[in-house]
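Asks: need a structure here:
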Amino acid sequence: MCLLTAVAVALPVSAMAGQVTESSGKKWTLMMYWDADNNLEFCTEFAMSTWEKALSDDSEINIVAFIDILSEDGAWVYDIVDGKRHLVQTWEELNSSDPATLERFLDYCVDEFPAENTMLVMQDHGYGWRGLCQDETNGDTLMSLDMLATALENVKARGAGVDLLAFDACNMMTIEAIYELKDAVSYVVGSESMVPYDGLPYKMFITDLVEDPDLTPEELAINIVHEYVLYYSSKKDYEHIMKYSQDFATCSAFDMSKVDGLGRSFSTFTETLEPLFEHYMRQIEGARGSALIGPWANIASIEWGIDMIEYMECLQESITDQPALASAIMDFMSAYDAALLAEDHSRKYHDTAHGLTVNFPPSLSNYESRSWVWGQQFVYHEIGLDIVAESMWYDCLMAYYANSLE
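Replies: Coordinates of the predicted model:
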């Protein structure tokens, strides 16, 4: 996705300027945090036009969008009313990678567009455990998962948290991400692999809300999962920015109130697995290879996510004389099933995609990459990830690399 040259989007300003109006409170406010201050700027107009077309009745639905683009300094906040975007705020040039910018936008939405339920869409490049929201104008770095979680928890502490967080960004459904966010939001939905330029199935799920504003955050999350895969199932039935191969879509949603148990079971699994590398390296290596996910993942060694359930199942089939490991795997799968709201994937994935990945580079040189600028900026065991601190996954990785070198 990073290979295309950005196409400038001329955002209408004065022609659509409108006044901020007091809202008595609706059923839903959808908050679009649109960081296009990079080579995804060209996706902006497609998305905004889709929101306008889909929101045929805004009596119970607010759509409020923070827009930051590369070709022009500044940031803009739009409200979709009567099928048209209205400029309600013009802000100075802001760093969309800064969690303070996200907090400012969320606080503005809470104050000016109150609703019973809130959904936050985070749009941009996604880099799994490293984070998301690449702002090229302001330092060209990312908002880490820890920063994102802190921003959402701060807003929640002020009395208005986010019910549903949706990632319109690649590779964000990782155990590192959902465990980091477990106390910040109620539900999370996104993809464990590449997200095409169109992003989420906006027309579908906005239409769902127009037709039934009483949908709960849980119900909406489940709808998005299945509609995402349906949307990318055909080049002809739905409008797409580019009609390239649409048959490698994955999407999942998790109930964050159940993620504590998932984290505990993962920690037990890592403690059980770590001593086994010396004698079961072939089986562990084979399981890792089978669980690599996505045709676009792993380009230039940027992402090395493996599907967690596929990995566990392969270990279970190949290591049959370790009852403690079998028990730990079964406990993890039970916790996984409890936390998973919904999962869907394109047919070409067969049964190898289950909704969540974990970082597993193939070698120590990939783990400690210096060839990629962000490989120098983000070190897995130093970035402040809770799941790394509270489990022995780092130790498992080091044991894997030590035994693979022998």
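Asks: Specify which residues of the stretch 151-300 of the chain, grouped into ranges, have pLDDT under the cut-off.
Replies: Scanning the stretch 151-300 of the chain for pLDDT under 70 picks out the ranges 244-246, 294-300.
Asks: which stretches of it form helices?
Replies: 175-180, 202-211, 217-231, 259-273, 277-291 (DSSP state H, counting those that start in this stretch).
Asks: So for the fourth one, what gets flagged as buried?
Replies: When you say that, I think you mean helix 259-273. Using 16 or more other C-beta atoms under 10 Å as the test for burial, helix 259-273 gives 259, 261-263, 265-273. Where you see a C-beta, it was placed from the backbone N, CA and C, and this is true even at glycine.
Asks: Report all helices and strands that it contacts.
Replies: helix 175-180, helix 323-339, helix 386-389, helix 393-404 (3 or more C-beta pairs under 8 Å, 6 or more residues apart in numbering; DSSP states H and E).
Asks: Check the first one too.
Replies: Here helix 175-180 touches helix 145-157, helix 259-273, strand 357-359, helix 386-389, going by 3+ C-beta pairs under 8 Å, 6+ apart.
Asks: In TSV, list these along with distance to Q123.
Replies: TSV is the format used below for the helices and strands packed on helix 175-180 (distance: least, C-beta to C-beta, whole Å):
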stretch	distance to Q123
helix 145-157	13
helix 259-273	23
strand 357-359	20
helix 386-389	24
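Asks: hang on, the earlier thing: could the helices and strands packed on helix 259-273 go into JSON lines alongside distance to P362 and mean neighbour count?
Replies: Output for those, formatted as JSON lines (distance: least, C-beta to C-beta, whole Å; neighbours: other C-beta atoms under 10 Å):
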{"stretch": "helix 175-180", "distance to P362": "18", "mean neighbour count": "25"}
{"stretch": "helix 323-339", "distance to P362": "22", "mean neighbour count": "17"}
{"stretch": "helix 386-389", "distance to P362": "18", "mean neighbour count": "18"}
{"stretch": "helix 393-404", "distance to P362": "8", "mean neighbour count": "19"}
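Asks: a markdown table please, covering these and showing distance to I241.
Replies: Listed next are the helices and strands packed on helix 259-273 as a markdown table, based on distance: least, C-beta to C-beta, whole Å:
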| stretch | distance to I241 |
| --- | --- |
| helix 175-180 | 25 |
| helix 323-339 | 33 |
| helix 386-389 | 34 |
| helix 393-404 | 36 |
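Asks: what's the following helix or strand after the lengthiest strand in the chain?
Replies: Longest strand of the chain, by residue count under DSSP state E: strand 26-36. Next in sequence after strand 26-36, counting helices and strands by DSSP states H and E, comes helix 44-54.
Asks: Which strands border whatever helix or strand comes next after that following helix, and is each parallel or antiparallel?
Replies: Once the chain leaves helix 44-54, the next helix or strand it forms, by DSSP H and E, is strand 61-69. The strands that strand 61-69 pairs with in its sheet are strand 26-36 (parallel), strand 75-81 (antiparallel) (by DSSP bridges).
Asks: before we move on, the earlier item: who wins for proximity to D135 among the helices of the stretch 151-300 of the chain?
Replies: For D135, the closest of the helices of the stretch 151-300 of the chain is helix 175-180, at 19.3 Å, according to C-beta to C-beta.
Asks: hmm, back to that, would JSON lines of the buried residues of helix 259-273 with distance to N117 be doable?
Replies: Converted to JSON lines, those look like this (distance: C-beta to C-beta, whole Å):
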{"residue": "V259", "distance to N117": "20"}
{"residue": "G261", "distance to N117": "25"}
{"residue": "L262", "distance to N117": "24"}
{"residue": "G263", "distance to N117": "26"}
{"residue": "S265", "distance to N117": "30"}
{"residue": "F266", "distance to N117": "30"}
{"residue": "S267", "distance to N117": "33"}
{"residue": "T268", "distance to N117": "35"}
{"residue": "F269", "distance to N117": "35"}
{"residue": "T270", "distance to N117": "36"}
{"residue": "E271", "distance to N117": "39"}
{"residue": "T272", "distance to N117": "40"}
{"residue": "L273", "distance to N117": "40"}
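Asks: now the stretch 301-406 of the chain, which segments are flagged as low pLDDT?
Replies: 301-303, 370-376, 405-406.
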